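Undergrad: how does the following fold in three dimensions:
(chains A and B)
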Amino acid sequence: MKSRYEAAKNVFIDSIDIDDYIELSSSVTAYKQLEHSMDKPLKMILLFGRPGTGKSILLNRIQEKLKHQKEIHYFDTPATNEKEFFHKLFKVLTKQDLPHNTEVNFSALVNFCKNLRGKREIVILLDEAQMYGPEMMEKIRLISDSRSVKFIVSLHKTDDEDLIAKEHFQSRIWEVIELKNATHEDQTAYIHKKLLKKNLFEIANSIKEKDMKLIHAFTKGNFRECNKLIFTIFEICEYYDKNEPSKINYDNIPQRIIEMAALKLGYIHV
Amino acid sequence: MYDIKPLEDEWKKYNNKKRKPIYLTVLLLIGIGIGVFILFNVKEISLPEFNTTRNIVSKVDTRSSVLLEDKLTTLQIKKSELIEDIKPPVKMNVEVSKEETIPELPIVENIPILEEVKKKRITKKVYKKQVSKKIKVDAPRKKMHLNIIESSSVSAYKDVEKRFYESHDADDSLFLAKSYFRKGNYKKAEYWALQTNKVNKYIDESWLIFVKAKVKLGRKNEAIRVLTNYVKMSDSSKAKNLLLRLKN
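TA: Numbers count the residues shown, from 1 in each chain, chains lettered A, B, ... in the order given. This is a model prediction of the structure:
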């Protein structure tokens, strides 16, 4: 027999699927801010924040929303090398595949972009930009100088990467949008909305306010961590539901299970 | 989820660790509670002196009756008569009237005192002092116990005196007069009997003490004169008897 928690568990599998996008007050603000920045004649925009704050899904969302209005392209996976990146870029700009055994001439590409100025406005969404090396970032900047290609660079904010960001982007970036961890209210709404979206009303109702506070305390409002924790909670619930139903209360998630999940994920230690 | 059992064990450990400060706090609070309770109780034991003395008095009561008997035996007084007089008052402290006891003061000294014990808490202490004196003479081995009573009774007298000056209660002054008379402090007995008479001039007992104190102080003529006047005023049979005895 299928456990009711199985479906709930799957809701929280971490993904950047646009269908999973949850509109929260903080994400709506970030979205509007980004949309507004894109309308400005800016060359590069930096989307900044700690891992799991929703940068990727925001880029995804903006691409999905604006794809019919603008020439907007989402580079989700960073290219492993320069050649691959320029292949991708060439295809976007020229709308053609690069012939076999040929390489992109960077100067020619920049000139091509300059020629596009005033004719086309292309937006490139670069996710995980911390993976690109400094030389590569310099070339991206040169392309953006053509004013026909606008880059929105998404970057992790970690202690080390923060330094890289400062060094390589500070003088080149025109606008910075920072995404922060969710507040307790936002995270509560996020969890509820996610479950309700899949019609899991009873389970959504079984997570009480105090549980939400505990979850927020463990995950510090990070969406990715939240997904992980809730997934693990429902995984434990699923186990009990199938094997030891006496240990589970369907009306509310026992604090014990939340703490067990937190122990499993290493948020707390014995 | 295959590792649920180890996870459960880990959670139990975590939970115990988490609750440790709570348990410690509860224990600490209980400890403090017990400490406060003990402290409070100790204070209670030391503060209400009257409760303690009540117990002592009850012990002394029995003792005094025995002592009286002993004394009476040694004095070779007819035991059968005396026991009739003495024993019942020990048993039924309150029932013995003032009128009966006062003229017989030298023999049945502690009977009125026992009566007073019932009336006033402080009186008990003073009474113990009286009894303690007796025991000092008759049974020196009880010295330690009696010394304690002695020290507390001094303050009790002072308390009663202080209260009299505030309230002018004839009962207080009469009590002091009787007590001092029994202690042999006739000067003070005379003074307190006079104070009583000033407040209420119709108390037989007070006049009798006043007169007896004067006799003890060697002012027999003065005593007879005072008693004669009192007899005229009150027509008291006890006063008459005493006057007769004094004149003879």
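
Undergrad: near chain A, which residues of chain B?
TA: Chain B comes close to chain A at residues B:1, B:3-4, B:7-8, B:10-11, B:13-15, B:17, as judged by C-beta under 8 Å from any C-beta of the partner chain. All C-beta atoms are positioned from the backbone trio N, CA, C, and that covers glycine.

Undergrad: recalculate using a threshold of 6 Å.
TA: Counting by C-beta under 6 Å from any C-beta of the partner chain, chain B comes close to chain A at B:1, B:4, B:7, B:10-11, B:13-14.

Undergrad: okay, and the helix or strand of chain B with the least pLDDT?
TA: Of all helical and strand segments in chain B, the minimum by mean pLDDT, DSSP states H and E falls on helix B:98-101, at a mean of 41.

Undergrad: longest helix in chain B, please.
TA: helix B:4-46 (DSSP state H).

Undergrad: pLDDT of that one, averaged?
TA: If you average the pLDDT over helix B:4-46, you get 88.

Undergrad: and stretch A:93-108, by the same measure?
TA: In this model, stretch A:93-108 has an average pLDDT of 86.

Undergrad: equivalent analysis for stretch A:25-40, please.
TA: 88.

Undergrad: same question, stretch A:250-258
TA: On average, stretch A:250-258 scores 92.

Undergrad: what kind of secondary structure is A:Asn181 in?
TA: Following DSSP: H, G, I helix; E, B strand; the rest coil, A:Asn181 is assigned to coil.

Undergrad: residues in contact with it?
TA: Each residue near A:Asn181 by C-beta atoms under 6 Å, 6 or more residues apart in numbering or on different chains is listed here: A:220-222.

Undergrad: write the ChimeraX selection for whichever of those are buried.
TA: The following ChimeraX line selects those of these that are buried, judged by 16 or more other C-beta atoms under 10 Å in any protein chain shown:
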select /A:221,222
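
Undergrad: and which of the contacts of A:Asn181 is nearest to chain B?
TA: Checking the contacts of A:Asn181 against chain B with C-beta to the nearest C-beta, the nearest one is A:Lys220 at 19.2 Å.

Undergrad: can you count the residues close to the residue in the stretch 1-150 of chain A positioned nearest to chain B?
TA: Residue nearest to chain B within the stretch 1-150 of chain A (C-beta to the nearest C-beta): A:Lys9, separated by 10.1 Å. Residues near A:Lys9, counting by other C-beta atoms under 10 Å in any protein chain shown, number 20.

Undergrad: I figured it was touching A:Ile233, is that so?
TA: No. Using C-beta atoms under 6 Å, A:Lys9 makes no contact with A:Ile233, being 8.5 Å away.

Undergrad: surely A:Lys198 is in contact with A:Asn10?
TA: No. Applying C-beta under 6 Å as the test, A:Lys198 and A:Asn10 come out as separate, 8.3 Å apart.

Undergrad: got TSV for the residues of chain B next to chain A, with distance to B:Val160 and neighbour count too?
TA: Shown next, in TSV, are the residues of chain B next to chain A (distance: C-beta to C-beta, whole Å; neighbours: other C-beta atoms under 10 Å in any protein chain shown):
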residue	distance to B:Val160	neighbour count
B:Met1	85	14
B:Ile4	81	17
B:Leu7	78	20
B:Glu10	75	18
B:Trp11	72	22
B:Lys13	70	13
B:Tyr14	69	18
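
Undergrad: and the furthest pair within those residues?
TA: B:Met1 and B:Lys13 (19.1 Å; C-beta to C-beta).

Undergrad: which pLDDT value belongs to A:Met136?
TA: 86.

Undergrad: now it. Nearest residue, chain neighbours left out?
TA: Excluding its sequence neighbours, the residue lying closest to A:Met136 (C-beta to C-beta, 6 or more residues apart in numbering or on different chains) is A:Glu82, at 5.8 Å.

Undergrad: count of neighbours near the one you found?
TA: 16.

Undergrad: same question, the one 3 residues further on
TA: Residues contacting A:Phe85 under the criterion other C-beta under 10 Å number 19.

Undergrad: tell me how far the helix or strand where it lies lies from the chain's centre.
TA: Using DSSP states H and E, A:Phe85 sits in helix A:82-94. Centroid separation for helix A:82-94 versus its chain: 23 Å, with C-alpha atoms, centre = their mean, to the nearest Å.

Undergrad: what lies in contact with whichever helix or strand comes after it?
TA: The element immediately downstream of helix A:82-94 (helix or strand, assigned by DSSP H and E) is helix A:106-116. For helix A:106-116, contacts defined as C-beta under 6 Å, 6+ apart pick out A:142-143, A:146, A:148-149.

Undergrad: related to what we said a few turns ago, check which helices and strands the longest helix of chain B sits against.
TA: helix A:255-265 (3 or more C-beta pairs under 6 Å, 6 or more residues apart in numbering or on different chains; DSSP states H and E).

Undergrad: spell out which parts of the stretch 101-250 of chain A neighbour chain B.
TA: So the stretch 101-250 of chain A meets chain B at A:235, A:239 (C-beta under 6 Å from any C-beta).

Undergrad: how about a cut-off of 8 Å?
TA: Near chain B, when you scan the stretch 101-250 of chain A using C-beta under 8 Å from any C-beta, you find A:235-236, A:238-239.

Undergrad: what strands line up against the biggest strand by length in chain A, and which way round?
TA: Ranked by number of residues, the top strand in chain A under DSSP state E is strand A:149-156. Paired neighbours of strand A:149-156 in the sheet (DSSP bridges): strand A:44-49 (parallel), strand A:122-126 (parallel).

Undergrad: mean pLDDT for these - can I get that in JSON lines?
TA: As requested, these are exported to JSON lines (pLDDT from 0 to 100):
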{"stretch": "strand A:44-49", "mean pLDDT": "87"}
{"stretch": "strand A:122-126", "mean pLDDT": "93"}
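
Undergrad: can you list these in TSV and add mean neighbour count?
TA: Listed next are these as TSV, based on neighbours: other C-beta atoms under 10 Å in any protein chain shown:
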stretch	mean neighbour count
strand A:44-49	23
strand A:122-126	22
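
Undergrad: okay, those in TSV with distance to A:Val28 next?
TA: Output for the strands paired with strand A:149-156, formatted as TSV (distance: least, C-beta to C-beta, whole Å):
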stretch	distance to A:Val28
strand A:44-49	15
strand A:122-126	18
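
Undergrad: to A:Leu265, which of these lies closest?
TA: Per C-beta to C-beta, nearest to A:Leu265 of those: strand A:44-49, 21.0 Å.

Undergrad: export the closest one to PDB, keeping only CA atoms.
TA: The C-alpha trace of strand A:44-49 is given here as PDB (Å, rounded to 0.1, in the frame of the first residue of the first chain):
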ATOM      1  CA  MET A  44      25.800  43.000 -16.600                       C
ATOM      2  CA  ILE A  45      23.600  42.300 -13.700                       C
ATOM      3  CA  LEU A  46      24.700  40.200 -10.800                       C
ATOM      4  CA  LEU A  47      22.300  37.900  -9.000                       C
ATOM      5  CA  PHE A  48      23.900  37.200  -5.800                       C
ATOM      6  CA  GLY A  49      23.100  34.900  -2.800                       C
END
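
Undergrad: what's the burial count for A:Leu263?
TA: Quick note: A:Leu263 (other C-beta under 10 Å) scores 20 neighbours.

Undergrad: contacts only, for it.
TA: Residues in contact with A:Leu263, defined by C-beta atoms under 8 Å, 6 or more residues apart in numbering or on different chains, are A:269-270, B:7, B:10-11, B:14.

Undergrad: where does the residue most central in space within chain A fall, secondary structure wise?
TA: Closest to where the C-alpha atoms of chain A average out (C-alpha atoms, centre = their mean) is A:Ser56, at 2.2 Å. When elements are assigned from DSSP H and E, A:Ser56 belongs to helix A:55-66.
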